[in-house]
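Q: have a look at this prediction, sequence included:
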Amino acid sequence: MAEPTLEIHDLSIGVGPHNVVDGVDFDIGRGEIVALVGESGSGKSLTALSIMGLLSGSVRQTGGTATLAGNALDLDNDHAMRKLRGTALSMIFQEPVASLNPLLSVGAQVSESLVVHGRASRAEAWDRAVEMLREVGIPAPEQRARQFPSELSGGMCQRVMIASALIAEPRLLIADEPTTALDVTIQAQILDLMRRLRDETDTSVLIITHDMGVVASVADRVCVMYGGRIVEQAEVHELFSAPRHPYTKLLLATIPRLTGERKSELFSISGMVPDVASWPEGCRFRTRCPLATDRCATRPPLEAAGAGEGHLAACWHSDKVEDLA
Amino acid sequence: MSAVMANWRRLFVPGEGKGVPVGIFVAIFAALVLVAIFAPLIAPYDPNTQNLLGRLKAPGTEARGTYYLLGSDELGRDLLSRVIYGARISLSVAILSVLLSGCVGTALGMLAGYRRGWVGIVVMRLVDIFLSIPAILLAIIMVAVLGPGFVNVVLVLALTRWPRYARVAYGQTLSVAGQPYVRLAKAMGAGPVRMLFLHILPNIIAPIAVVATLEFGLMVLFEAGLSFLGLGVQPPMASWGAMLSVGRNYVSNAWWIATFPGVCLFLLVLSVNLIGDRLSDYLNPKSR
């Protein structure tokens, strides 16, 4: 494969004395959709924000490097990162309606990044915005561009946000739970749209979600995060069919199935996600893991596991995961 | 756009809103503004021409070819003309000081709310200090230092009143800065200037506008108060406050000198306050 669009190496993010993201490595190829999956507090959103250089307050990057298309990103340098935001890097968020300025017309917001970076005159930017709105499937874009976010539905607003993120033709689009606030049919449309735009523009996408359904329908490759680390990384079919980390396996087991016997109780992973301050030494999942042994007190490396190419898992017992019920 | 128009209608049309039709007060305010603007055309006489033989004439009397509709003052000047010209002073002092203090206060408050950190601490402690000093006392001290006069009165009022705006702007900025659309704008590469003026200011301007209308009435009264104390605009300029001050000495034998400027002050402040009150109801989504 050619040079990856984004390479993250050993990224750590600290809040106070604790590293809530602890040595994360992954990369995203050109035109690839990678999903970052994990529970709340697993550090997936912070990872995304740090790539954008948007960490603020007491949350700081404490280590690691990021490279965008071969150029190192200076994540701490707000001025340098601002030039990349809205040009090479774009991000969309959940809560599509609240993410649009209620007092600016849709067209103005879609063209924002072009205007901010002085890449087009106001009139050109407006025309491009209308074009982009058409591209993301908004009917009558000339009229819609003059409307305000309150006049649009949630799904429409998410399309507008996607249009505003992609108008600058970024190398990487980060989507933080883009479909969480939307109902299921709209969700499917938005995911379709993201895949189609990826096919057309070759933009790489990092999608952050806790929804395995979203992962299955949109991602090419998946990184599973637990306790601020990536515990498993695999091509999407491989991950679903042959997970090599017990956390992934159990996470998949929590998805209720329509086929087979209906159980009276839904499956859940025993215990709670531990607080940052009480993360165990070594493998962080070991306090909840049915396969845990003494060996798990040392941190397992993220290394090749399973049959597929590029399938990595951070578990000493990855060969036993298959038998886990 | 039509939705916006309909909402504006609700602000002025009785029955759709509540209570007294605010349109009456808008009309009074507009009338006072027009009087101030067209004072030279409306005033029957020069406000500063003295007529010592026509001193303290009662309303509706005539002396030496001058008809005093509202009477004359202690120097025989036509009270109606002075009240008309006085509207210019009251309104322009209020408008200028509200604009000045509003701009300064809003800018500082936004800066404090957006940057936070030590900038926020310094600005907001300064606000606390200013707000803890009685405004009229501060104004008196500063006029005593700077000297009276129109420009100084505006400066003094702006300097004593900016903390009100700063505090509102600070709180609003804090809340708006946490909104997802600010985060998105940041992710689009918007810099601080664009962020403050395009994304934050328009979203916090409504409560500031309400503060400004309420402050407007207060500024009219402050100017009158300073002029009453002899610290405001200086004679022979006609100011309602100064006229009240003089009229106080003659209230037993020439009631009109203090009464007419007082009534005008009352109407101006009342109308502005009620407009501000209705504006705040209108702009507050919870009370719609």
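A: That came in fine, so what should we check first? Numbers count the residues shown, from 1 in each chain, chains lettered A, B, ... in the order given.

Q: quick check: residues of chain B near chain A?
A: B:179-181, B:183-191, B:194, B:198-199, B:202-203 (C-beta under 8 Å from any C-beta of the partner chain). Where you see a C-beta, it was placed from the backbone N, CA and C, and this is true even at glycine.

Q: again, 10 Å this time
A: B:1, B:3-4, B:116-117, B:176, B:179-192, B:194-195, B:198-203, B:205 (C-beta under 10 Å from any C-beta of the partner chain).

Q: buried only: go through the residues you listed for me.
A: Among the residues of chain B next to chain A, those classed as buried by 16 or more other C-beta atoms under 10 Å in any protein chain shown are B:116, B:176, B:179-190, B:194-195, B:198-201, B:203, B:205.

Q: just those residues: which are in helices?
A: Among these, the ones falling in helices (DSSP state H) are B:176, B:180-187, B:194, B:201, B:203, B:205.

Q: in the stretch 151-288 of chain B, which residue sits closest to chain A?
A: In the stretch 151-288 of chain B, the residue that lies nearest chain A is B:Gly189 (3.2 Å; C-beta to the nearest C-beta).

Q: now do the same contact list for that residue.
A: By C-beta atoms under 10 Å, 6 or more residues apart in numbering or on different chains, the contact set of B:Gly189 is A:52, A:81-90, A:112-113, A:116-117, A:168.

Q: which element is A:Pro300 on?
A: Under the criterion DSSP states H and E, no helix or strand holds A:Pro300.

Q: and stretch A:121-140, which residues are buried?
A: Here stretch A:121-140 shows A:125-130, A:132-138 as buried, counting by 16+ other C-beta under 10 Å.

Q: without its sequence neighbours, what residue ends up closest to B:Leu56?
A: B:Ala254 (4.5 Å; C-beta to C-beta, 6 or more residues apart in numbering or on different chains).

Q: contacting residues for the one you found?
A: B:Arg55, B:Leu56, B:Lys57, B:Ala58, B:Pro59, B:Gly71, B:Ser72, B:Asp73, B:Glu74, B:Leu79, B:Val246, B:Gly247.

Q: list buried residues within the residues you listed.
A: B:Arg55, B:Leu56, B:Lys57, B:Pro59, B:Gly71, B:Ser72, B:Asp73, B:Leu79, B:Val246, B:Gly247.

Q: most widely separated two among those residues?
A: Using C-beta to C-beta, the two most remote members of the buried ones among the contacts of B:Ala254 are B:Pro59 and B:Val246, lying 16.6 Å apart.

Q: wait, what's in contact with residue 143?
A: All of this refers to chain A. A:Gln143 neighbours (C-beta under 10 Å, 6+ apart): A:Val106, A:Val130, A:Leu133.

Q: the intended chain is chain B.
A: Applying C-beta under 10 Å, 6+ apart, the residues contacting B:Val143 are B:Gly149, B:Asn152, B:Val153, B:Leu155, B:Val156, B:Leu157, B:Leu226, B:Leu229, B:Gly230, B:Leu231, B:Gly232.

Q: in a strand, it, correct?
A: No. Read with DSSP: H, G, I helix; E, B strand; the rest coil, B:Val143 is helix and lies in no strand.

Q: how close does it get to B:Gln50?
A: 27 Å (C-beta to C-beta, to the nearest Å).

Q: same question for B:Leu218.
A: B:Leu218 is 33 Å from B:Gln50, by C-beta to C-beta.

Q: just B:Leu201 next, same as before
A: To B:Gln50, B:Leu201 is 50 Å away according to C-beta to C-beta.

Q: show me where pLDDT drops low in the chain?
A: By default, I'm working from chain A. Applying pLDDT under 70 to chain A picks out residues A:1-2, A:325.

Q: meant chain B actually
A: B:1-20, B:284-288.

Q: ok, back up a step: narrow the buried residues of stretch A:121-140 to those in strands?
A: For those, not one is inside strands, with DSSP state E as the criterion.

Q: could you dump the residues you listed to TSV with distance to B:Val93?
A: Output for the buried residues of stretch A:121-140, formatted as TSV (distance: C-beta to C-beta, whole Å):
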residue	distance to B:Val93
A:Ala125	43
A:Trp126	43
A:Asp127	48
A:Arg128	49
A:Ala129	45
A:Val130	48
A:Met132	51
A:Leu133	49
A:Arg134	54
A:Glu135	55
A:Val136	53
A:Gly137	57
A:Ile138	51
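
Q: quick one: the helix or strand where A:Ala48 lies near chain B?
A: Element membership for A:Ala48 (DSSP H and E) is helix A:44-51. Yes. Using C-beta under 10 Å from any C-beta, helix A:44-51 reaches chain B at A:Leu49.

Q: from the chain's centroid, how far away is the next helix or strand after that helix?
A: Proceeding N to C from helix A:44-51, the next assigned helix or strand is strand A:59-68, under DSSP H and E. Averaging C-alpha positions (C-alpha atoms, centre = their mean, to the nearest Å) puts strand A:59-68 16 Å from its chain's average.

Q: which residues does the following helix or strand past strand A:59-68 contact?
A: For strand A:59-68, the succeeding helix or strand toward the C-terminus, using DSSP H and E, is strand A:71-72. Outside strand A:71-72, the residues that touch it by C-beta under 10 Å, 6+ apart are A:Glu7, A:Thr65, A:Ala66, A:Leu84, A:Ala88.
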